[in-house]
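Participant: Sequence first, then the predicted structure:
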Amino acid sequence: MEIRNIIYLPLLLSIFLSSVATAAIDDNASVVNLRISCLDGDGSTLNNCFTGMTTLQNWVDNVRPNPNDVLSIEIGPGTWNTPFTCNSGRNITLRGSGRENTIINTTGPALLLFSDCNINVQDIKIVGTLNAITVTGGGVGVTTWTNVDVEGLGYGWSEGCSAGNQSKHFWFSSRIRTKTAFGLARSYSTCSENWFFGSEITTIATESNTEAVALVMAGSETHVYGSVVRAISEPGVTLEPASASGAKTVKGMVTVAAYDSEIHIHGTGIDLISAEPNDVIALLAADPASMVHTNASSFSLSTGQGGKITRIKNDYNADVSSPFMWKQSEEPPTNFVSQNGADMIVETKCDSTGCHPIPTQNETHLLIYNDSCNYADHGPWFDVVTGKCRGQN
């Protein structure tokens, strides 16, 4: 028995060393790995495994005989400080080990996508300085994002498109969060077709005199369902009054801005929260060609005392459908702007003569937003019961 062990030991060792020596990259592989270490659990080396993003990128673009064939890249736990580029015509899946475990964190864009690439990204956190994800070039591409965190300074998602762009982007259970850098914060700026399901889009103003916009749409079609869209400014941050120019430039704090775009937001929370008295806008239709529909969505709107809240900014008679019922109140908001007929509130301290000054009776009156009503700062409300503007004698 002992003699056999002596005979077989060199043979087993030879087989083991042979398996290590032959571990290699198959140029035609359809699945490859990116790992901190390519050693597997039994001490052998994984085939088709890379330990650096640069080496992997070179193999994807320059070594594979058919670089546009479908490729799945499995990324292990760890932080990668080199960006990944999806070049023209590529069909790639990036699958991480969980968005708290697999992180691409770079000083520039963490992902650079040419818009005629097709990419599927799952279970990864993407962190970039200025832009976290940049989409550039024209053409047709489809991207899908599942359980992905995106964190950026300046832009979370920045997209430049050529005429006739038909790119499509699908987001599931993902988060895009941006803070201000270089006077700018835009979580998602796009000119494509976009679909969000159960996701979060948030921009946070952390510096004064900045632009803070959650969604900026230019020539796009966007659908948001069962999600949350938020624009927030931190204490001490003072912003320019919210506005938009014909040059597709937004200033101040805005949740959604539409230029020649179609936007549908349903079953979604739309937040606009400023600690300081900033003049802010929730929905901005910046030209007559835009459509903004936010039916069956909720709004949480607040600004510091002296600031002005505009729920709907529609100076171009665009197609904006955003009905909203405010919480019942003894004193409805007065420093407030919307679109005629779009807002209602029930005032709970009224009598047959009206609701202001507040009488002792608990009669309830339905008020409807009307911008021609503003008697002695009683607010832009038409009292359905009295048939007059609130505060009108």
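Facilitator: Everything's here; your move.
Participant: all helices of the stretch 51-200 of the chain, in order?
Facilitator: For the stretch 51-200 of the chain, the helices defined by DSSP state H, counting those that start in this stretch cover 53-58.
Participant: can you list the weak-confidence ranges in it?
Facilitator: 139, 163-164 (pLDDT under 70).
Participant: Next up, the contacts around Asn131.
Facilitator: Gly108, Pro109, Gly152, Gly154, Tyr155, Gly156, Trp157, Ser158 (CB atoms under 8 Å, 6 or more residues apart in numbering). For every residue, glycine as well, the C-beta is placed using N, CA and C.
Participant: Can you list which of those residues are found in strands?
Facilitator: Counted as lying in strands by DSSP state E, out of the contacts of Asn131, are Gly152, Tyr155, Gly156, Trp157, Ser158.
Participant: What are the buried residues along stretch 244-260?
Facilitator: Buried residues in stretch 244-260, counted by 16 or more other CB atoms under 10 Å: 244, 248, 250-260.
Participant: oh sorry, the question was meant for stretch 381-393
Facilitator: Trp381, Phe382, Asp383, Val385, Thr386, Cys389, Arg390, Gly391, Gln392.
Participant: Tell me which of those fall in strands.
Facilitator: Trp381, Phe382, Asp383, Cys389.
Participant: Now distance to Asp26 and pLDDT too, for those, in CSV please.
Facilitator: Output for those, formatted as CSV (distance: CB to CB, whole Å; pLDDT from 0 to 100):
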residue, distance to Asp26, pLDDT
Trp381, 71, 96
Phe382, 73, 97
Asp383, 76, 96
Cys389, 76, 95
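Participant: Give me the domain ranges for the protein.
Facilitator: 30-171, 174-322, 340-393 (automatic domain parsing).
Participant: of all those domains, which lies closest to Glu330?
Facilitator: Between Glu330 and the domains of the chain, the shortest gap by CB to CB is with domain 340-393, which sits at 4.5 Å.
Participant: what's the offset of that closest one from the middle of its chain?
Facilitator: Distance of domain 340-393 from the chain centroid (CA atoms, centre = their mean, to the nearest Å) equals 38 Å.
Participant: before we move on, what about stretch 144-151?
Facilitator: Distance of stretch 144-151 from its chain centroid, counting by CA atoms, centre = their mean, is 9 Å.
Participant: Need the winner for burial among the domains of the chain.
Facilitator: Mean neighbour count, computed with mean count of other CB atoms under 10 Å, is highest for domain 174-322 among the domains of the chain, reaching a mean of 20.
Participant: now do the same end-to-end measure for that one.
Facilitator: Domain 174-322 stretches 25 Å from its first residue to its last (CA to CA, to the nearest Å).
Participant: swap in stretch 241-254?
Facilitator: 10 Å.
Participant: what is the mean pLDDT for that stretch?
Facilitator: Across stretch 241-254, pLDDT averages out at 86.
Participant: neighbouring contacts of it?
Facilitator: With CB under 8 Å, 6+ apart as the test, stretch 241-254 has contacts from 205, 211-214, 216, 218, 231, 233, 239-240, 257, 259, 272, 274, 278-282, 284, 286-287, 308, 310, 313.
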